Each structure stands twice: as structure tokens, then as C-alpha cells.
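Chemist: Quick one, fold the following:
(one chain, ligands or ions: 1)
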Amino acid sequence: MKQRILNHVSFLVILSVLLTFVAASTVMYSKFSTYMKEGVRDEAQYIRVGMEEVGEEFLSDKVGRLTGSRVTLTDRDGNVLYDSEADPKELSNHSDRPEFIQAMEEGEGEKVRFSETLSEQTFYYAVRLENGEILRVARTTESVFLTLMSSFTLLGVLMVAILLLEFFLVQKQTRDLIAPINELDLEHPLKNVCYEELRPLLVRVDQQNQQIAAQVEELKSAETMRREFSANVSHELKTPLMSISGYAELMMNGMVRPENVPDFSGRIYHEASRLSSLVADIIQLSRLDEKSSDMPFEAVDLFELAEDITGHLSQAAEKKGISLKLEGNSVSVRGVRQVLYEMFYNVADNAVKYTQEDGSVKIFVGKSEGHAVYCVEDNGIGIPKEEQGRIFERFYRVDKSHSRQTGGTGLGLSIVKHGAALHHAQISLNSEPGKGTRIELKF
Ligand code: ADP
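Modeler: Numbering: from 1, shown residues only. Just a heads-up that it's a prediction; the model follows:
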């Protein structure tokens with residue numbers, strides 16, 4: 001950055017010094033030139049008046065040498081009669097000179113001529129006398145080019161001095177400019193905004209900080225959840241396994257009477273099915289977690305799914321004398337059929353499980369406010385207010401022993417929650433202990 005500022009400033013300095021120099025020199029030179037010309041004209045007029053008043057003898061060597069200019073007198077044909085710097089005989093005829101021609105025609109004439117090297121210029125002013133002779137005064141000065149050239153050394157020195165000064169100033173300026181930036185506290189970037197121009201950048205840094213902090217938090221809680229989940233999984237798996245091996249050991253050691261064998265093997269069967277539904281639920285959850293791509297989205301008729309589920313649950317409902325009814329009509333959404341089935345099944349299965357004998361469970365599928373809806377309502381045991389926020393957590397059960405007895409894994413609603421997220425569906429829960437529960441999924 002320092003280098004770039006230095007380059008830009010140097011360029012500007014050089015440009016402005018050069019332009020100022022050229023402009024100032026040109027103005028000065030043209031002023032000087034105007035004064036010089038006026039001086040030469042005046043001089044010629046004085047001599048003219050002198051010669052006309054006093055006579056030809058006025059133009060003596062004394063007058064010619066007195067002035068710094070060259071004075072020449074020619075007759076009306078251009079032959080040189082007098083010259084203050086050379087012998088008139090050696091000088092050629094002047095009748096072809098522009099100032100002579102002009103003076104013959106108009107009474108006075110002038111011309112500037114440059115030397116061959118362009119280093120000098122001569123201003124000629126000619127005036128016609130009363131007797132027709134031409135008096136010419138000329139003065140030679142340095143040309144504008146030479147004046148410029150001769151000042152270049154001074155200009156160079158000046159430029160180097162300015163550039164050096166500029167170098168130190170830019171060094172200091174950039175150091176002062178950068179210092180507050182280096183001292184920025186990037187962890188709290190908005191605490192000390194040193195330059196307003198930097199605010200947008202600092203706001204972005206701040207936003208990123210917040211994002212990173214949120215991500216770290218998320219990672220931490222995901223990590224905690226994973227750890228808790230694996231601890232829970234091992235615990236949940238251990239319980240049925242220990243029962244199975246316990247019963248099997250008793251039978252193996254002949255400690256079970258033959259008439260009790262069906263009962264014991266029934267228990268083993270029961271625990272084994274609990275184990276397999278637990279494993280199935282765990283697998284389903286981890287698939288939902290990974291949002292694995294082997295879950296194809298397709299158009300699924302929710303009413304058909306509900307019919308299927310009602311069929312599966314009818315036996316369990318009948319056993320408890322629960323009236324299980326399905327209402328509504330066909331409505332279809334884009335989703336993963338198997339996940340939707342499991343979500344709906346878990347909700348309906350819970351309603352049957354947590355409703356006492358002779359209760360009722362109503363399932364509704366249809367449209368509400370333009371959205372597809374699946375709703376299950378029971379008049380069962382209900383869920384206390386303070387538990388309602390937690391029942392969607394993994395392995396969370398309101399009544400542990402009851403849930404186990406009814407074959408619950410504690411993962412059912414957790415699968416519902418993840419499935420709903422996958423399908424961008426909203427879950428709403430209304431429940432009152434002793435009165436019943438209503439769970440609605442809105443797509
Ligand atoms: P579980 O396998 O134990 O049923 P879920 O995740 O499906 O696990 O449900 C979590 C808990 O929420 C259940 O243990 C139960 O206490 C409560 N619950 C779920 N549905 C109902 C319902 N319809 N009525 C009363 N309680 C319910």
C-alpha cells in the first residue's frame with residue numbers, strides 16, 4: 001500500500017512541478033519579451049526623433065554604442081549606410097528583409113528571427129524616417145527554449161528535494177494510517193471503529209465471528225447429544241439383552257419347569273422383538289440424521305398410508321376395546337414414503353398405546369388452509385404441560401415403566417420430529433392429562 005501511495009503521490013508531484021514550471025516560465029518569458037520589444041520600439045523612436053530634429057549627425061557611434069541594441073540605417077533601397085556593430089560596406093542589401101519591406105509600406109515593421117541553434121532570438125524593429133531612409137534597431141536575447149533549458153538544473157534539484165520530502169511524509173502518513181488498523185481487536189471489531197470507511201468490513205467480521213461462535217456452539221451441543229445418545233443406546237440395548245440371556249440361562253440350566261417353558265420363551269421372544277424394533281428405530285434415526293440420498297422423494301397419498309396404518313393397528317386397538325377411526329380424504333404430498341409411513345405409524349401407535357381401554361382414537365387426513373394435514377386425536381392419558389417440550393427428545397418417556405411395558409423405544413416421536421424436518425412439516429401438540437392428546441402434522 002505504501003508503495004502505491006508513494007507512486008501516486010510521486011507522479012502527482014512530478015506532474016504538478018513540471019506543469020507549474022512550464023506555465024510560470026512561459027508567462028514570465030512572454031512578459032519579459034513584451035517589455036523588451038517595447039524598449040526596442042521606444043529606442044528606435046527616440047533615435048528617429050533625434051535624427052529628424054537634429055539631423056543625420058545625431059546617429060553617431062556614440063549613440064550607436066550607448067544602447068545595448070544594434071542600430072542600422074539604410075537608404076530607401078536597402079543599402080546599409082550605418083551599422084553600430086559592423087562595417088556598412090561588408091553588409092548586404094536589406095531590401096528583402098520583412099521588417100524593411102513592412103516599414104517601407106506602413107512606416108514601421110518588426111520581426112523576430114531565431115538563430116540556427118534556436119538558442120537565441122533577435123527582435124528587429126524598423127521605422128521609416130521623413131527622408132525615406134529606414135532606421136532599424138535590433139536586440140538579441142536568449143530564446144524561450146534556452147531559458148527553459150537553463151532552469152532545468154534548478155528544477156531537478158527542486159524536484160529531488162520535494163520527492164525526498166514526500167517520501168518521508170508518505171512513510172509517516174501511512175504508518176500513522178495503518179497503526180490503528182493493526183491495533184484492531186478482531187474479536188470485538190465494532191468496539192473501536194477507527195475509520196468509518198472500515199465499518200462495513202468490520203460489520204462483516206463481526207457477523208462472521210457470531211456465525212463461527214454459533215457453529216461452535218452447535219457442534220458442541222451436537223457432540224454432547226451424540227455422546228448422550230450412544231450412552232443411552234448402550235443402556236437401552238443392554239436391558240433386553242440381559243433379560244434374554246437371563247431367561248435363556250435359566251432354561252439352559254434346567255431351572256425352568258417344562259410347563260413354564262412357553263412362558264419363558266415368550267418373554268425371550270418379547271425382549272428380542274423389543275430389541276429388534278429398537279435397532280430398527282436407531283437405524284432409521286441415523287439415516288434421517290445423515291439425510292442420506294437413498295431416500296427418494298415421490299408423490300405419496302397420505303390417506304392411503306393412514307389406511308394401511310389403521311389396518312396394522314386395528315388388532316392392538318381391538319384388544320384394548322379402543323375405537324379406531326379414520327376420516328378425511330385423499331391428499332398427496334412429495335415425500336419419502338417409508339419415512340412418512342413411520343412418522344404416521346408412530347403417532348397413531350402412541351395414541352393407541354397411551355389410551356386406556358374403551359377409549360377412542362381418531363385419525364384425520366385431508367386439507368386444511370391449503371395444506372395437507374395428518375392428525376391423530378385420542379382421549380387417553382394425556383401429557384403433562386411440563387413434559388410436552390421434551391417428548392420429542394431421544395429416549396425421553398413420560399412414564400418409563402409404562403412405555404417399556406407397551407414396547408415403546410422412546411425414539412418414536414424423535415423420528416417424527418426428524419421426519420417432519422425432512423418434509424418441512426410443522427408439528428403441533430395439544431394435550432391435557434386425563435383428557436387426551438392431539439398431534440397434527442401440517443405439510
Ligand atoms: P415411546 O416409544 O416411549 O412411545 P415416543 O418417542 O413415541 O416413545 O414418545 C415419547 C413419550 O411421549 C412417550 O413415552 C409417552 O410418555 C409420551 N406420549 C407420546 N404420545 C402420547 C400420547 N398420544 N398420549 C400420551 N402420551 C404420549
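
Chemist: Any buried residues in stretch 155-163, and which?
Modeler: Buried residues in stretch 155-163, counted by 16 or more other CB atoms under 10 Å: L155, M159. (C-beta placed from N, C-alpha, C; glycine too.)

Chemist: what do you get for stretch 254-272?
Modeler: Neighbour-count burial for stretch 254-272, counted by 16+ other CB under 10 Å, picks out V256, F264, I268, E271.

Chemist: F229: helix or strand, and which one exactly?
Modeler: Assigned by DSSP states H and E, F229 belongs to helix 199-252.

Chemist: Which residue does the stretch 101-250 of the chain have closest to the ligand?
Modeler: Per CB to the nearest ligand atom, E236 is where the stretch 101-250 of the chain lies closest to the ligand, at 10.5 Å.

Chemist: Spit out the contact partners of that residue.
Modeler: Taking CB atoms under 8 Å, 6 or more residues apart in numbering, we find E236 in contact with L278, F395, T409, G410.

Chemist: Checking the second one next. Helix, strand or coil?
Modeler: Just to be clear, that refers to F395. The three-state assignment at F395 reads coil, by DSSP: H, G, I helix; E, B strand; the rest coil.

Chemist: Model confidence for it, exactly?
Modeler: Listed pLDDT for F395 reads 85.

Chemist: Might one say that it is in contact with G412?
Modeler: No - when contacts are counted by CB atoms under 8 Å, F395 is not listed as touching G412 (10.5 Å).

Chemist: The helix or strand hosting R175: which residues count as buried?
Modeler: If you go by DSSP H and E, R175 is part of helix 144-182. Residues of helix 144-182 classed as buried by neighbour count (16+ other CB under 10 Å): V144, L146, T147, L148, L155, M159, E166, V170, T174.

Chemist: likewise stretch 353-366?
Modeler: Within stretch 353-366, the residues scored as buried using 16+ other CB under 10 Å are K353, Y354, T355, G359, S360, V361, K362, I363, F364, V365, G366.

Chemist: Outside of it itself, list whatever touches it.
Modeler: Contacts with stretch 353-366, where a contact means CB under 8 Å, 6+ apart, come from 302-303, 306, 309-310, 317, 320-331, 348, 351-352, 372-381, 402, 406-408, 436-437.

Chemist: so of these, which ones are in strands?
Modeler: In strands, defined here by DSSP state E, the members of the contacts of stretch 353-366 are 323-328, 372-378, 436-437.

Chemist: just to revisit the earlier point, if we check the ligand, which of the contacts of stretch 353-366 are in contact?
Modeler: Residues of the contacts of stretch 353-366 in contact with the ligand (CB under 6 Å from any ligand atom): A351, D378, G380, I381, G408, T437.

Chemist: where does K442 sit relative to the ligand, distance-wise?
Modeler: Per CB to the nearest ligand atom, to the nearest Å, K442 is found 18 Å from the ligand.

Chemist: Pull the number of nearby residues for that residue.
Modeler: 16 (other CB atoms under 10 Å).

Chemist: Report the contact partners of it.
Modeler: S368, H371, A372, V373, A425, Q426, S428.

Chemist: what does the model give the residue nearest to the first one when sequence neighbours are not counted for pLDDT?
Modeler: By the measure of CB to CB, 6 or more residues apart in numbering, the closest residue to S368 outside its immediate chain neighbours is K442, 7.1 Å from it. The predicted local confidence for K442 comes out at a pLDDT of 95.

Chemist: what residues are up against the closest residue to the ligand within the stretch 1-150 of the chain?
Modeler: Per CB to the nearest ligand atom, M1 is where the stretch 1-150 of the chain lies closest to the ligand, at 60.8 Å. Neighbouring residues of M1 by CB under 8 Å, 6+ apart: T174, I178.

Chemist: rerun at 7 Å
Modeler: By CB atoms under 7 Å, 6 or more residues apart in numbering, M1 lies in contact with T174.

Chemist: Low-confidence ranges, the stretch 1-150 of the chain, go.
Modeler: 64 (pLDDT under 70).

Chemist: and it, which of its residues are near the ligand?
Modeler: Checking the stretch 1-150 of the chain against the ligand by CB under 6 Å from any ligand atom, there are no hits.

Chemist: Show me the helices in the stretch 1-150 of the chain, by range?
Modeler: Along the stretch 1-150 of the chain, counting by DSSP state H, counting those that start in this stretch, helices occupy 2-54, 61-66, 98-106, 144-182.

Chemist: Next, the angle from the last one to helix 2-54.
Modeler: What it means is helix 144-182. Angle between the axes of helix 144-182 and helix 2-54 is 150 degrees (criterion: axes from the mean of the first three to the mean of the last three CA atoms, to 10 degrees).

Chemist: Could you double-check that I47 lies in contact with E56?
Modeler: No - here I47 lies out of contact with E56, judged by CB atoms under 7 Å, at a distance of 11.4 Å.

Chemist: Which of those two has more residues huddled nearby?
Modeler: Between I47 and E56, I47 has the larger neighbour count (other CB under 10 Å), namely 22 against 14.

Chemist: Many thanks, have a good one.
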